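Engineer: build me a model:
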Amino acid sequence: MINEIRNYHYNPEKLGLYREWAVNEAVPFLKKHLDVVGFWIDSGATPEISGQQKMQLPLGSANVTWIIRWQDMAARKAGHKRVFGGDGWKAVFAKHPDANGYFQIEAKFAEAV
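Structural biologist: Residues are numbered from 1 along each chain as shown. Alright, predicted model coming up:
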């Protein structure tokens, strides 16, 4: 199994609208079609960053994170094509409050230990 951890830096000025769209449209659709482990939106609390070499993050910390579980990378590729290339997602995304509001998107992959 592999976990796809998606971190978004979404326009903070439009995060409230994004939250509404995510809760009412995106998350229900995604949970129906993917093995979504969780979907989190920034609570407004200040992030805690520590360690010996703290990075300077011009955009700050990601304000949206969600995790999808896949069997392997081949399943991910097929799943992305099936779900995000389909008419259902196109209808959900058409309701997006600002599709250009993504300042940065990161997808990283981790195995559970």
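Engineer: strands along this structure, start to end?
Structural biologist: With DSSP state E as the criterion, the chain has strands at 2-10, 36-41, 64-70, 102-110.
Engineer: with mean pLDDT, mean neighbour count and distance to Phe29 as extra columns, can I get the ones you listed in TSV?
Structural biologist: In this view, the C-beta of every residue, glycine as well, is placed from N, C-alpha and C. Shown next, in TSV, are the strands of the chain (pLDDT from 0 to 100; neighbours: other CB atoms under 10 Å; distance: least, CB to CB, whole Å):
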stretch	mean pLDDT	mean neighbour count	distance to Phe29
strand 2-10	97	18	15
strand 36-41	97	14	10
strand 64-70	98	18	12
strand 102-110	97	12	18
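Engineer: looking at those strands, which is nearest to Ala94?
Structural biologist: Nearest to Ala94, of all these, is strand 102-110, at 16.0 Å by CB to CB.
Engineer: so which elements touch that closest one?
Structural biologist: Where contact means 3 or more CB pairs under 8 Å, 6 or more residues apart in numbering; DSSP states H and E, strand 102-110 is packed against strand 2-10.
Engineer: the inter-axis angle of the strand it packs on versus strand 64-70?
Structural biologist: Between strand 2-10 and strand 64-70, the angle comes out at 160 degrees (axes from the mean of the first three to the mean of the last three CA atoms, to 10 degrees).
Engineer: from the chain's centre, how far out does strand 2-10 sit?
Structural biologist: How far strand 2-10 lies from its chain's middle: 5 Å, per CA atoms, centre = their mean, to the nearest Å.
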